[in-house]
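Participant: only geometry, no sequence info:
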């Protein structure tokens, strides 16, 4: 039995909560509590945070405090300790023209593949708050980076597509648990890329 937890109107904000009858409903109720933070985050995108925005080529995202993302990441990183080999083989930041598509693709990948499969570990390592901060902010950014090829607001370059497919292929070649851990541990590459397009 699956219940759909709806966080907003966009499809990326609909999360399936599955399990046996009764359990799914309970999980949905439990999941609704952290969602309050996401709702407050969405409501907070007001005049107080103007001037802080991402400009990914023609795609603009306002109201995200990058420092909060970095703090959440380092809290999680400190809980693991040590350094691991990089999953990304291409740490060069994307060009402005390809940034919107590439960042959108990577955020979608992290939300659909990494975050959905890492919550139990976040609870185990006692980093659920930092985990939720990153996940909620990624959802907000994703919801504002919507493809619209008709009006050329979401340009797709062959290079950007190739870079994302390379990352995805490297992930799939690894053991799943190892890949999840590495992808989470090297999120600093993604944040560094995003910082390149951050304007205060």
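Facilitator: Alright, I've got the coordinates. Only a predicted model underlies this, so the values are computations on that prediction, with no experimental measurement involved. Numbers count the residues shown, from 1 in each chain.
Participant: Next up, the contacts around the closest residue to residue 200 other than its chain neighbours.
Facilitator: In space, and not counting its chain neighbours, residue 200 is closest to residue 52: 5.7 Å by Cβ to Cβ, 6 or more residues apart in numbering. In short, each C-beta sits where N, CA and C put it, glycine included. Residue 52 makes contact with 62, 63, 64, 65, 66, 198, 199, 200 under the criterion Cβ atoms under 8 Å, 6 or more residues apart in numbering.
Participant: And residue 71, by the same measure?
Facilitator: residue 130.
Participant: again, only using 10 Å
Facilitator: Contact analysis of residue 71 by Cβ atoms under 10 Å, 6 or more residues apart in numbering lists 65, 130, 133.
Participant: Just the buried ones from the contacts of residue 52?
Facilitator: 63, 64, 66, 198 (16 or more other Cβ atoms under 10 Å).
Participant: next helix or strand past the helix or strand hosting residue 135?
Facilitator: Using DSSP states H and E, residue 135 sits within helix 128-144. Moving toward the C-terminus from helix 128-144, the next helix or strand (DSSP H and E) is helix 158-173.
Participant: just the angle between whichever helix or strand comes after that following helix and helix 158-173, please?
Facilitator: Sequence-wise, the next helix or strand downstream of helix 158-173 (DSSP H and E) is helix 176-185. Per axes from the mean of the first three to the mean of the last three Cα atoms, to 10 degrees, the angle that helix 176-185 makes with helix 158-173 is 130 degrees.
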